[in-house]
Structure formats: structure tokens, C-alpha cells
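build me a structure from this.
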Amino acid sequence: MNEQNNAMSDIQLSDFPAFSEQAVILVVDDQPINIQVIYQILGGSYKILMATSGAQAIKVCTDSLPDLVLMDVLMPEQDGLETCRQMKAQETIADIPVIFVTAAQQQEEEDACWQAGAVDFIQKPVNANTLRHRVNAHLTLKKQSDLLRSLAFIDGLTHVYNRRYFDQFLQKQLAACKRHQMPLAVLLIDIDHFKLYNDHLGHLAGDDALRRVAAAMKACCLRPNDLIARYGGEEFVAVLPDTTADGARIVAEKILTAITMLAIPHPSSKFSIISVSIGIAAADLHWGYEKDITERADRQLYLTKQRGRNGFSQETTQ
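Residues are numbered from 1 along each chain as shown. Reported below is the predicted structural model:
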């Protein structure tokens, strides 16, 4: 238990997207001049996205997942209150904090902002100092909340995501890829003869090997939506949204090369160093977008082991 706690203490804030990149703020107002005013105040410190309608704001939130939304209340067709309510009803964007920018003076108007799901509101005309401090305060709170959520989904030993997070992530990505008719690939990765490695060199050496292998695989999957997770024991899984079967094969080859380059001695392996076996499955218009993609990757992993390990297998188009 102490070892796992020590491993968790080694996790750096930069490991999490919320702490490693410049914060992104979406400004929503049907009057471009108002967006320009906020951009002049915040543009030097944050990345600013813009939307001029509620419907456009929902799309930007879904596509880009900003860290914070500054939203006008009064807009034609769909006002800010309704837009905020729609955001809170969608699981993928419900946690994005919304600050209303409003000229409202009446208590009932303020109450409507809170009831719609806002975390705060700022009066028009905007005071630059107030805006900067309110935005900074709510971004700090969001980063802390994101970190706590992330820690619940991080494997304490290897610092990659855990099985619980993988299950949720895969379900959401399959739904998104199906909706947009985009491909997705899953790689199931197993360290060859790892029990023999632990038996021969001990569990401390085994834990160190798991960490090094996980870090090497993570370095092969650098796109923002790529995921490496510990599936269980010495098994890992990679989820690659917007990736074809051919693209997945390229990533598998990169992972095999990266693990070989580690050159971790494995006295009980015929390869003399730690190696991995990989099974690849794809979700696309041909294969469908079902949850059995992991089972299909597992069947390909089994074939890789039958063929001698230290390689990969993938499904062929029928």
C-alpha cells in the first residue's frame, strides 16, 4: 500500500491536460463587439474561442471542450439561459463552468442565472479587473476538480489511466465515432511471460518494468484523444479514436519498437528482453461500433501469442 501511495505522490500536475495547456475560454455573444472587448481583456492570458449563437456555442463546446464559458444572457433564437440548460443536460459538456455576462439588475433575473446552472455572473458593462479575477478563480476551481477526478481514474503504479476510466472512455468514444461515422481502433497489449519475470527477478523489478513499459507506450500515443490504460496485471489497452486499422498497425509497430528499445533484460524469455504481444480490433462502418471490440482485440492477442509473441495480429476484412 505504501508503494502505491509513493507512486501516486510522483504524479505531476503536468500529467493532466487541465494543468499542462493554456486554458481555453469560449465567449458567447450575438454582438461581435462585446466578444472583442472580452478578447482584449483576456486574450493575452488564455486561448479564446468565439460563438455568436446558443446553437453554435453548444457545437463549439462539444467539439473543443473549453475550460470555461462566458455567455451573454440575451441572444436571439436561443438565449443564454436555455443554452446553459442544454449544456448541463449533456454529460460530455455538463462540467464546463458557465459565467453569465449580463446587464440584469433584478433579483429574479439573477435567480434565473443560478437556476440555469451558472457558477457566477458578471455585470455589464464589464469591469476588466473583475473579469480577470472571476475567470482566474473559476479556472482554478475547475483545475482542482479535474485533478481530483483524474486521480480517481489513474493507476497508482504506472500513472496511466485505470480500467474504470477505460470502460467509460471507450463507451463515449464509440458513441461519438458512430455518430460521426469515424473509425476507432483498440489495441490490447500484454507483456510476454511476465509471471516468469516476476518469479525470476522479484516484484519490485516487475513494478519498475511495468512503469517503464507504460511510459514507453504512452509516448507512442501523443494525440489529445489517444488513451493508454492499464487493463489489469501486465495487460494494457490503447484506444485510438479517428484511427483506421492501417493507422492502428502503425501505432502497434511503434509500440513494439519502443519496448524493444527499452532493452529490459528478461532471463526467462526466448527474446532475452521484455517484449509485448498486441491484438488489434477496429470499429468502423464495416465492423460496426459495438462494445465487443475489446473481446475482438483479445482474440487477436491470443493469435499473436500462438504465433510466438513479440508481435501483433489484427482482423482481416471479410
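
low pLDDT regions in the protein?
1-21, 317-318 (pLDDT under 70).

state which helix of it is the longest.
Looking across the chain with DSSP state H, the single longest helix is helix 128-152.

which parts of it are buried?
For helix 128-152, burial by neighbour count (16 or more other Cβ atoms under 10 Å) applies to L131, R134, V135, H138, L139, K142, K143, D146, L147, S150. Placement of C-beta: from N, CA and C, glycine included.

stretch 277-297 now?
Neighbour-count burial for stretch 277-297 flags 277-284, 287, 289, 293-294, 296-297 (criterion: 16+ other Cβ under 10 Å).

and A55, what does it touch?
Applying Cβ atoms under 8 Å, 6 or more residues apart in numbering to A55 gives the contacts E77, Q78, T83.

would TSV of those with distance to A215 be doable?
Shown next, in TSV, are the contacts of A55 (distance: Cβ to Cβ, whole Å):
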residue	distance to A215
E77	49
Q78	46
T83	41
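
got a quick PyMOL command for the buried subset of those residues?
In PyMOL, this line selects whichever of the contacts of A55 come out buried by 16+ other Cβ under 10 Å:
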select buried, resi 83
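
number of residues surrounding L26?
L26 is flanked by 23 other residues according to other Cβ atoms under 10 Å.

and what of the one 5 residues further on?
For Q31, the tally of surrounding residues (other Cβ under 10 Å) stands at 12.

now swap in the one 10 residues further on and tell me
A count of nearby residues for I41, using other Cβ under 10 Å, gives 18.

can you show me the helices along the stretch 1-150 of the chain?
Taking DSSP state H, counting those that start in this stretch as the criterion, the stretch 1-150 of the chain carries its helices at 2-9, 17-20, 32-42, 54-64, 80-88, 107-116, 128-152.

dump the ones you listed into a markdown table; add distance to D95 as well.
A markdown table is the format used below for the helices of the stretch 1-150 of the chain (distance: least, Cβ to Cβ, whole Å):
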| stretch | distance to D95 |
| --- | --- |
| helix 2-9 | 23 |
| helix 17-20 | 11 |
| helix 32-42 | 21 |
| helix 54-64 | 11 |
| helix 80-88 | 9 |
| helix 107-116 | 15 |
| helix 128-152 | 8 |
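
nearest to K195, of these?
Comparison of these against K195 by Cβ to Cβ identifies helix 2-9 as nearest, at 19.2 Å.

could you look up the SS state of the residue positioned nearest the centre of the chain?
Most central in the chain under Cα atoms, centre = their mean is N225, positioned 5.4 Å from the mean C-alpha point. Under DSSP: H, G, I helix; E, B strand; the rest coil, N225 falls in the coil class.

which strand residues bridge the closest residue to it other than its chain neighbours?
Once flanking residues are discounted, N225 sits nearest to P241: 4.7 Å by Cβ to Cβ, 6 or more residues apart in numbering. Note on P241: beta-bridge partners by DSSP bridges are L184.

what about P241, how many neighbours?
For P241, the neighbour count with other Cβ under 10 Å is 22.

do the same with the one 5 residues further on
Under the neighbour criterion other Cβ under 10 Å, D246 is assigned a count of 11.

residues in contact with the host helix or strand of it?
If you go by DSSP states H and E, D246 is part of helix 245-262. With Cβ under 8 Å, 6+ apart as the test, helix 245-262 has contacts from 183, 185, 187, 189, 212-213, 216-217, 219-221, 238, 240, 243, 273-276, 278, 280, 282, 284, 310-312, 314-315.

list buried residues within the residues you listed.
183, 185, 187, 189, 213, 216-217, 220-221, 238, 240, 243, 273-276, 278, 280, 282, 284, 310-312, 314-315.

which of those residues fall within helices?
V213, A216, M217.

let me know the closest of those to A112.
Of all these, M217 has the smallest distance to A112: 48.8 Å, by Cβ to Cβ.

my read is that that closest one contacts I189, right?
Yes - taking contacts as Cβ atoms under 8 Å, M217 lies within contact range of I189: 6.8 Å.

what is in contact with those two at once?
With Cβ under 8 Å, 6+ apart as the test, M217 and I189 both reach F236, A238, I255.

of all these, which comes closest to K172?
Once Cβ to Cβ is applied, the member of the shared contacts of M217 and I189 that ends up nearest K172 is A238, at 15.9 Å.

with adjacent residues omitted, what lies nearest to the closest one?
L187 (4.1 Å).
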